[in-house]
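Asker: With the sequence up front, the predicted model follows.
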Amino acid sequence: MTVRLVVAEDDALGRERLVRILRAEPDAHVVDVCAEGEAALTAIRERAPDVAFLDVQLPGLDAFALMEAVPVERAPVFVLVTAYDGYAIQAFEHEAADYVLKPFSRSRVHTALARARARLAARSAVNLQQVLSAVSALERRSKQQSGRIAVRDNDRTFFLKVDAIDWIEAAGKFLHVHVGKQTHTLRGTMAGALSRLDPADFVRVSRAAIVNVDRIQEIQPWFQGAHILILRDRTQITSTRRYRRNLRLLLGK
């Protein structure tokens with residue numbers, strides 16, 4: 001990956017040497033060179049570099065003030081360059097990737113750029129994880145919290161609120177969705193139904209039953225690890241041993 005760089009150094013000879021070294025680095029592109037702080041800030045805002053090499057004592061706006069002026073979400077990785085070692089603590093506090101003392105060698109600048117690249121890679125990994133997490137959350141919300149499901153009844157289709165469902169019963173290729181005294185039949189599978197329901201609100205208690213947690217009034221032990229669930233309307237549903245882990249999680253909650 002080509003790294004885009006901004007260099008800010010008020011000393012002409014030092015600036016030329018730093019730029020020459022950086023331009024010799026593979027996959028490094030110097031997009032702007034500045035001699036004072038305000039110009040460097042403008043370059044960072046307008047050119048959006050990946051990395052900025054800054055002399056600490058820039059005229060007009062020093063490196064630390066400049067770093068504070070750049071929004072975190074738009075900030076490049078900063079590398080500080082100075083003839084003094086007394087700014088190391090401030091550099092650490094401002095999360096600079098490296099702190100290069102003058103006079104510097106080609107190998108020292110190479111090391112600083114490598115550290116900046118590592119910081120960029122770490123940022124990219126974090127950003128990718130954030131994107132994946134956001135996409136996953138949107139998918140879960142779309143599936144589990146859509147708020148309603150479509151039910152076909154002969155030639156008409158109506159929408160049923162998910163939180164109105166008492167329980168769902170498997171019947172071959174169909175599902176019986178129990179809502180109060182009504183039962184709606186639709187084609188589907190238990191796995192498909194679960195993918196559209198919030199696991200915090202619905203629990204599968206057997207091969208043939210998914211129950212709205214809020215409708216459970218009482219749980220009674222039965223035999224061989226099974227239980228009887230009694231709903232508010234006094235409907236009794238058997239929770240089989242195979243799904244007792246789900247029931248234990250429910251009881252723990």
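Answerer: All right, it came through fine. Numbers count the residues shown, from 1 in each chain.

Asker: mind listing what His98 touches?
Answerer: Check again: residue 98 is Asp, not His. Val79, Leu80, Thr111, Ala112, Arg115, Ala116 (CB atoms under 8 Å, 6 or more residues apart in numbering). Using the backbone N, CA and C atoms, a C-beta is placed for each residue, glycine as well.

Asker: tell me the pLDDT at it?
Answerer: What the model reports for Asp98 is a pLDDT of 93.

Asker: And for the one 4 residues further on?
Answerer: Lys102 is assigned a pLDDT of 91 by the prediction.

Asker: ok, now which ones touch it?
Answerer: Gly14, Val81, Thr82, Ala83.

Asker: before we move on, the earlier item: which of the contacts of Asp98 count as buried?
Answerer: Val79, Leu80, Ala112, Arg115, Ala116 (16 or more other CB atoms under 10 Å).

Asker: Restricted to helices, list these.
Answerer: Counting by DSSP state H, the part of the buried ones among the contacts of Asp98 found in helices is Ala112, Arg115, Ala116.

Asker: quick one: contacts of stretch 103-117?
Answerer: Under CB under 8 Å, 6+ apart, the answer for stretch 103-117 is 3, 18, 21-22, 24-25, 28, 50-51, 53, 77, 79, 81, 97-98, 100.

Asker: before we move on, what about stretch 223-233?
Answerer: Stretch 223-233 has contacts (CB under 8 Å, 6+ apart) with 166-167, 180, 205, 211, 215-222, 236-241, 244, 247.

Asker: run the last query once more with 7 Å
Answerer: Stretch 223-233 has contacts (CB atoms under 7 Å, 6 or more residues apart in numbering) with 166-167, 205, 211, 215-222, 236-241, 244, 247.

Asker: What of stretch 16-29?
Answerer: 1-5, 7, 9, 30, 33, 53, 81, 106, 109-110, 113.

Asker: Out of the contacts of stretch 103-117, flag the one nearest to Leu160.
Answerer: Taking CB to CB as the measure, Asp50 is the one of these closest to Leu160, at 51.6 Å.

Asker: Do you know the pLDDT at the closest one?
Answerer: Per-residue pLDDT puts Asp50 at 94.

Asker: Share the number of residues neighbouring Val6, please.
Answerer: Neighbour count for Val6, taken as other CB atoms under 10 Å: 25.

Asker: Also Ala191?
Answerer: Neighbours of Ala191 (other CB under 10 Å): 8.

Asker: Now, the contacts of Lys102 that are in helices?
Answerer: Among those, the members found in helices (DSSP H) are Gly14.

Asker: Out of the contacts of Lys102, who's the most crowded?
Answerer: That'd be Val81 among these, by other CB under 10 Å, with 25 neighbours.

Asker: Pull the contacting residues for that residue.
Answerer: By CB under 7 Å, 6+ apart, Val81 lies in contact with Glu9, Leu18, Phe53, Leu54, Asp55, Val100, Lys102.

Asker: cool, and Thr183?
Answerer: His176, Val177.

Asker: Also Phe78?
Answerer: Ala52, Leu54, Met67, Ala96, Ala97.

Asker: in which helix or strand would I find the residue nearest to Arg148 when sequence neighbours are not counted?
Answerer: By the measure of CB to CB, 6 or more residues apart in numbering, the closest residue to Arg148 outside its immediate chain neighbours is Phe159, 4.4 Å from it. Phe159 belongs to strand 156-161 when assigned by DSSP states H and E.

Asker: Check which residues of that strand are buried.
Answerer: Leu160.

Asker: which element follows that strand toward the C-terminus?
Answerer: strand 167-171.

Asker: Would you point out the most distant pair within the contacts of Lys102?
Answerer: Gly14 and Thr82 (10.4 Å).

Asker: that older thread, from the ones in helices among the buried ones among the contacts of Asp98, which single one is nearest Thr42?
Answerer: For those, the residue nearest Thr42 by CB to CB is Ala116; the value is 20.9 Å.

Asker: Fine by me, thanks again.
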